[in-house]
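Enquirer: can't give you the sequence, but here's the structure:
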C-alpha cells in the first residue's frame, strides 16, 4: 500500500494577488484624493500682483538710495514712535500713509496719514497699541517719486 504524497499548496500566489489588489486599491484612493483636493497656488490676478510687487521693489531701491535713511524711532518710556524724513525730502510735499500691521491679529491693523511737521518729523502715540510685535510700513510720495520703508518694532508691556 502506497501512501499518496500530500499535496503541497503554497500561499505565495494568493499573497502576490492580494498584495497587487491592495496596491491598486491604494493607488486608486490616492488618485481620488488628488482629484478632490483644490490647489490654489496662483491667484486669479497673479500678473497684477507681480507688477505691484515689482513696483514695491523699485520703491525700496529708491528709498535705499536716499542720502540719509528714513528713521523710525521707538521711545518705549514715552510711548511714542517718531518718524524722521531725511533732509533730501524736505522741499517737496510728502503724502502717504503709515500702516501698522500686527501679524498675530489682523483686527489690530490700522493706518494713519503721514503729516510731517516743518522739522520733517511726525510723532505717533503708541500708548493705545497692544504690546507685542508690530510691522510699521511707510508708503509715501515726495517730488513725484514713490518711497517705501518697513521696520519691525516690539512694544513692551
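Expert: Received, thanks. Since this is a predicted model, take the numbers as computed values, not measurements.
Enquirer: these two touch, right, residue 59 and residue 148?
Expert: Yes. Counting by CB atoms under 8 Å, residue 59 does reach residue 148; the two are 4.1 Å apart. Yep, even glycine has a C-beta here, placed from its N, CA and C like the rest.
Enquirer: overlap of the contact sets of these two?
Expert: Common neighbours of residue 59 and residue 148 (criterion: CB atoms under 8 Å, 6 or more residues apart in numbering): residue 139.
Enquirer: contacts for whichever strand or helix holds residue 51?
Expert: Using DSSP states H and E, residue 51 sits in helix 46-64. With contacts defined as CB under 8 Å, 6+ apart, helix 46-64 is touched by 43, 70, 139, 145, 146, 147, 148, 149.
Enquirer: average pLDDT across it?
Expert: The average pLDDT for helix 46-64 rounds to 85.
Enquirer: so which residue is dead centre in this protein?
Expert: When the chain is reduced to its mean C-alpha position, the closest residue under CA atoms, centre = their mean turns out to be residue 103, at 8.7 Å.
Enquirer: tell me the buried residues in the element among helices and strands of the chain having the smallest mean pLDDT?
Expert: Within the chain, confidence by mean pLDDT, DSSP states H and E is lowest for helix 46-64 among all helices and strands, at a mean of 85. For helix 46-64, burial by neighbour count (16 or more other CB atoms under 10 Å) applies to 59, 63.
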